[in-house]
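Participant: kindly generate the corresponding structure for this input.
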Amino acid sequence: MRPSRRQALAAMLALAGASRPWPATAQAVWPSQALRIIVVYPPGGLSDGIARSLAERLVWQLGVPVRVENRGGDGGSVGLQALARAPADGHTLAFSAISPLTLRPHLGPVAYDPLRDIAPVASVMFTPVLLVGTPAFTGRDFSDVLAQARAHPSVLRWATSGVATAGHLVLEQVQWGAGIAVTHVPYKGGGQQLNDALGGQFELLSTNVAPAQLSHVRAGRFKALAVGAPHRLDVLPQVPTFAELGLPQANITSLFGLFAPGGTSLEVLDRLNREINAATHTPAIQERLLNSDNLPAVGDRAAFVRRIHAQWRSNRALKSVRIRLE
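Facilitator: Predicted structure coming up:
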């Protein structure tokens with residue numbers, strides 16, 4: 001008799017479990033219920049889409065439902081606050097850039113200890129930061145940004161996805177490195193920000209490199225001015241990096257990953273790391289990342305922890321730089 005889909009899935013999961021060196025205790029108790037992934041940004045953006053693709057894959061790998069919940073606000077810290085308050089049993093995760101851990105706490109109080117209350121699980125992707133001029137920007141290239149800002153300090157409006165995001169850090173590093181002043185316009189995420197950009201509500205926008213943004217560049221609605229990336233992007237070969245423009249400190253990419261509440265057992269964290277790495281390695285997710293010029297960033301959990309701690313220490317030095325909570 002032909003086995004049912006449920007029986008086939010159970011057999012595949014059992015075979016996978018037998019072939020992997022999972023700790024016996026973690027294997028016995030986790031997962032014991034559905035998983036919840038908190039996306040710390042509003043729905044509709046690239047990070048939301050990647051998180052949902054990972055959730056779909058984890059359903060297949062783990063054999064339990066995986067629910068995605070958007071909790072945007074304050075550059076990601078609202079969602080991480082919800083994560084920090086969740087039970088430390090490995091059934092609640094958050095998908096976020098590392099900046100709400102490594103930068104936001106240096107700018108003002110947050111309702112979690114970034115190094116104690118949040119446990120890094122697995123890195124997923126590096127996302128280049130793209131600076132574009134909106135229909136309100138009258139210049140042609142990045143040199144005109146500097147010229148206008150110097151001629152009329154604080155008149156240019158530069159929007160980001162929120163305080164302490166990678167786009168905000170790029171803004172501040174450009175101000176500091178080039179000796180200019182602009183007005184920061186922080187949003188709670190990418191959806192409304194993109195609509196307002198198209199409507200010319202501000203002149204400049206630092207955003208993720210994503211299909212929607214690139215389509216507006218190709219259509220001439222946005223002017224691509226600079227990217228934060230190790231090298232020029234194949235999809236935007238004419239656009240220089242911030243390093244090429246003489247601002248290497250602003251040449252920033254955003255690292256995204258999955259996190260668990262602090263206090264989650266090491267056995268569960270290590271298994272989660274393996275499961276998320278396996279999901280990120282699947283052709284569908286790899287293709288989705290690469291097609292949007294995002295780079296997969298899989299690796300062991302210890303390396304992810306070290307990177308976050310190093311970035312936290314580096315950003316602490318930015319207290320001497322004029323980063324504001326406007």
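Participant: how about the contacts made by the closest residue to Gln213 other than its chain neighbours?
Facilitator: Distances taken as C-beta to C-beta, 6 or more residues apart in numbering place Thr207 nearest to Gln213, at 5.5 Å, with adjacent residues excluded. For the C-beta atoms, the positions are set from N, CA and C on the backbone; glycine is no exception. Neighbouring residues of Thr207 by C-beta atoms under 8 Å, 6 or more residues apart in numbering: 129-130, 132, 161, 167, 190, 193-194, 213.
Participant: all helices of the protein, in order?
Facilitator: For the chain, applying DSSP state H gives helices covering 5-19, 24-29, 46-62, 77-84, 99-102, 104-107, 142-151, 166-178, 191-198, 211-218, 266-280, 283-291, 301-316.
Participant: any idea which of the contacts of Thr207 is closest to Pro42?
Facilitator: Closest approach to Pro42 among those (C-beta to C-beta): Gly190, at 7.0 Å.
Participant: returning to what we had before: out of the contacts of Thr207, who's nearest Pro100?
Facilitator: Ser161 (11.2 Å).
Participant: ok, the closest one to Asp74 distance?
Facilitator: The spacing between Ser161 and Asp74, counted by C-beta to C-beta, to the nearest Å, is 11 Å.
Participant: tell me, how many residues neighbour Asn291?
Facilitator: Asn291 has 10 neighbouring residues, counting by other C-beta atoms under 10 Å.
Participant: what's the closest non-adjacent residue to it?
Facilitator: Pro211 (7.8 Å).
Participant: mutual contacts of Ser161 and Asp74, please.
Facilitator: In contact with both Ser161 and Asp74: Lys188, using C-beta under 8 Å, 6+ apart.
Participant: neighbour count: these two, which is higher?
Facilitator: Ser161 (30 against 22).
Participant: and that one, what does it touch?
Facilitator: 41, 75, 167-168, 186-190, 193, 207.
Participant: picking up where we left off before, the residue nearest to Gln213 and Val305: what is the separation?
Facilitator: 28 Å.
Participant: for Ser123, same thing?
Facilitator: 10 Å.
Participant: likewise Arg274?
Facilitator: Noted for Arg274: a distance of 15 Å to Val305, by C-beta to C-beta.
Participant: and the residue nearest to Gln213, how far from Ala119?
Facilitator: 29 Å.
Participant: follow-up on the earlier one: what's the pLDDT at the residue nearest to Gln213?
Facilitator: Looking at Thr207, its pLDDT is 90.
Participant: so how far is Arg150 from it?
Facilitator: Taken as C-beta to C-beta, the span from Thr207 to Arg150 is 24 Å.
Participant: low-confidence stretches in the protein?
Facilitator: 1-28, 189-190, 318-326 (pLDDT under 70).
Participant: and it, split by domain according to the record?
Facilitator: According to automatic domain parsing, the chain comprises the domains 5-11+33-126+254-320, 128-250.
Participant: how about the strands in the stretch 101-250 of the chain?
Facilitator: Under the criterion DSSP state E, counting those that start in this stretch, the stretch 101-250 of the chain carries strands at the ranges 118-133, 157-160, 183-186, 204-208, 223-228.
Participant: and the longest one, C-alpha only, in CSV?
Facilitator: What it means is strand 118-133. The C-alpha coordinates for strand 118-133 follow below in CSV (Å, rounded to 0.1, in the frame of the first residue of the first chain):
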residue,chain,number,x,y,z
ILE,A,118,18.9,38.1,22.7
ALA,A,119,20.7,34.9,21.5
PRO,A,120,22.1,34.9,17.9
VAL,A,121,21.1,31.8,16.0
ALA,A,122,22.2,32.0,12.4
SER,A,123,23.2,34.6,9.9
VAL,A,124,21.2,34.6,6.6
MET,A,125,22.2,37.3,4.2
PHE,A,126,24.2,40.5,3.6
THR,A,127,22.2,43.3,2.0
PRO,A,128,23.9,46.2,0.2
VAL,A,129,22.6,49.7,1.1
LEU,A,130,21.5,51.8,-1.9
LEU,A,131,21.3,55.6,-1.8
VAL,A,132,18.9,57.0,-4.3
GLY,A,133,17.6,60.4,-5.2
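Participant: can you mark which positions in stretch 214-229 are buried?
Facilitator: 214, 216-217, 222-229 (16 or more other C-beta atoms under 10 Å).
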